[in-house]
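> after the sequence you'll find the predicted model.
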Amino acid sequence: MDIQQPVPKISLDVLRQEIKKEYTNVALDPNKGYHFHTGRRLANLLGYEEALYADLPESNIASFAGTGNPFSVGSINPGETVVDIGSGAGFDSLIASRLAGSSGRVIGFDMTAEMLKKAQAGAAAMGASNVEFREGLAESLPLSDNFADVVISNGVLNLTLDKTETLREWFRILKPGGRLQVGDILVERELPADALDDISLWTG
């Protein structure tokens, strides 16, 4: 069954440029102040157990800008393969790498260069050899079918224009019986057209 969704009058290329601009700023200047929370305060608001991120480098914690807690709907088991879509500064990926252990694997995808650099630096500082960060788009992942035991994502689905196709892509890379653990924003009322077409509301 096809699910119909409103189509905003926004260019995908322009949207991606604006998202990159916003999250480059979050990577470089996490304490600047944004229309969304960041860092430790946000992690506490979203109910993360501090033990999950206590050994993460402070710079990776500071640029955390998620909207939920993908670990609240299920843990990561040792040996599992995890894909983090829109991994940002690596906060969730680095947590997942600890939970998956040396026999597991974590791949984080992001399209913002400064976030990728920050995530890679954090993994190196932690000596986390089971996690890697690659450039990639949420709607088109360079992975084979049935790749991951778990797909996690945090505040990324709401940044995509075609959520139905994006979710199809995420399910494509999941193994049969795999798990999708997403933290995101849910709007319960229909948005007016002018809000759908306001690009500033799409970038965070």
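Sure thing, it's come through. Worth saying up front: this structure is predicted, and the values here are computed from it rather than measured. Numbering: from 1, shown residues only.

> where does this structure dip in pLDDT?
The model of the chain has pLDDT under 70 over residues 1-8, 185-204.

> ok, now which ones touch residue 84?
Counting by Cβ atoms under 8 Å, 6 or more residues apart in numbering, residue 84 touches 92, 93, 96, 106, 107, 108, 109, 152, 153, 154. From N, CA and C alone the C-beta is placed, and that goes for glycine too.

> farthest pair within the residues you listed?
107 and 154 (15.1 Å; Cβ to Cβ).

> returning to what we had before: now, among the contacts of residue 84, which is nearest to residue 76?
Relative to residue 76, the closest of these is residue 96; by Cβ to Cβ it sits at 5.0 Å.

> wait, doesn't the closest one sit right on residue 75?
No: Residue 96 is not in contact with residue 75 according to Cβ atoms under 8 Å; the separation is 9.6 Å.

> wait, which of the contacts of residue 84 is closest to residue 179?
For residue 179, the nearest member of these is residue 152. The distance, counting by Cβ to Cβ, is 8.8 Å.

> give the pairing partners of whatever helix or strand residue 83 lives in; include direction for each.
If you go by DSSP states H and E, residue 83 is part of strand 81-85. Partners of strand 81-85 in the sheet, by DSSP bridges, are strand 105-110 (parallel), strand 148-154 (parallel).

> other SSEs contacting the strand ranked longest in the chain?
Ordering each strand of the chain by length in residues (DSSP state E) puts strand 174-183 first. When contacts are defined as 3 or more Cβ pairs under 8 Å, 6 or more residues apart in numbering; DSSP states H and E, strand 174-183 packs onto strand 148-154.

> which outside residues touch the strand it packs on?
By Cβ under 8 Å, 6+ apart, strand 148-154 touches 66-71, 74, 76-77, 80-86, 88, 92, 96, 138, 170, 173-175, 178-184.

> so after that strand, what's the next helix or strand?
Immediately after strand 148-154, counting by DSSP H and E, sits helix 163-172.

> stretch 151-158: end-to-end distance?
Taking Cα to Cα, to the nearest Å, stretch 151-158 runs 16 Å from one end to the other.
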